[in-house]
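In: just a sequence and a predicted model for now, questions to come.
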Amino acid sequence: MGKTRNRKDHTRYGGNNNKKSNYNNHQYARVKQQRQPAVELKQAPVSDSVMQDITKNRDPEIRRNRRGDIIYACTYIGDDKYEYWVEYDNSSRPLSFCDNRGYEWKCKYNSKGNISDYWDNTGYQEKYFYFANNLVIRKNSFGEEIKKHISRDKFITRETFIKTE
């Protein structure tokens, strides 16, 4: 009787019951793992320029400063990418221009805010002289002189000089 009693006690208190509870705990842990949501992989952020190259997006792009002046522009001509940058002073007058093909120019303004010098990287230069009666004379590096009468309330830039007759 001693042996059977030990067996019964053994099976009742620690034998098969422990095995069964271990199996159930292991099975419960497996179910618990399955219920956890799968970790979603987030895509790394891609910059706009890389995204345009990947998707072959050929839409023109324009960036402006707070005043609305174009400071960057990008457009595609066939498969060639053309982009340029413009810098302005506090009065929205263009100071410099640079593009991705190597062309650039710069401007200087006098104390009254009118253009005084213009030059580019090809060696071309222009000087502006102001006289009484709204007379403006432009001398360029080729030796040409152009005289114009310009009466304006705003500053005189190279663009306004070219557009007036």
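Out: Right, received. Where do you want to start?

In: show the pLDDT at residue 26.
Out: With respect to pLDDT, residue 26 has a value of 54.

In: going forward, begin numbering at 52 instead of 1
Out: Yes, from this point I'll number from 52; that puts the last item at residue 77.

In: once you drop chain neighbours, what's closest to the residue most central in space within the chain?
Out: With distances taken as CA atoms, centre = their mean, residue 99 lies nearest the centre of the chain, 6.7 Å away. Setting aside the residues directly before and after it, residue 99 is nearest to residue 112 in space (CB to CB, 6 or more residues apart in numbering), at 7.9 Å. Any C-beta I mention is one placed from the backbone N, CA and C, and that applies to glycine too.

In: check contacts around that neighbour.
Out: 99, 103, 123-126 (CB atoms under 8 Å, 6 or more residues apart in numbering).

In: give me the number of residues near the residue lying closest to residue 173 once chain neighbours are set aside?
Out: With CB to CB, 6+ apart as the criterion, residue 173 has its nearest non-adjacent residue at 7.8 Å, and that residue is residue 154. Here the neighbour count serves as a burial measure; for residue 154 (other CB atoms under 10 Å) it reads 12.

In: ditto for residue 144
Out: Around residue 144 sit 19 other residues, with neighbours defined as other CB under 10 Å.

In: over to residue 123?
Out: Residue 123 has 13 neighbours, counted by other CB under 10 Å.

In: which SSE is the closest residue to it other than its chain neighbours in?
Out: Nearest in space to residue 123, with sequence neighbours left out and distances taken as CB to CB, 6+ apart, is residue 114 at 4.1 Å. In this structure, residue 114 is located in strand 112-115 according to DSSP states H and E.

In: give the pairing partners of that strand; include direction for each.
Out: The strands that strand 112-115 pairs with in its sheet are strand 121-128 (antiparallel) (by DSSP bridges).

In: now find how far off-centre the partner strand is within its chain.
Out: Centroid displacement of strand 121-128 relative to its chain, using CA atoms, centre = their mean, to the nearest Å, is 12 Å.

In: stretch 166-183 too?
Out: Averaged over its C-alpha atoms, stretch 166-183 has a centre that lies 33 Å from its chain's centre (CA atoms, centre = their mean).

In: what do you get for stretch 195-211?
Out: Using CA atoms, centre = their mean, the offset of stretch 195-211 from its chain centre is 35 Å.
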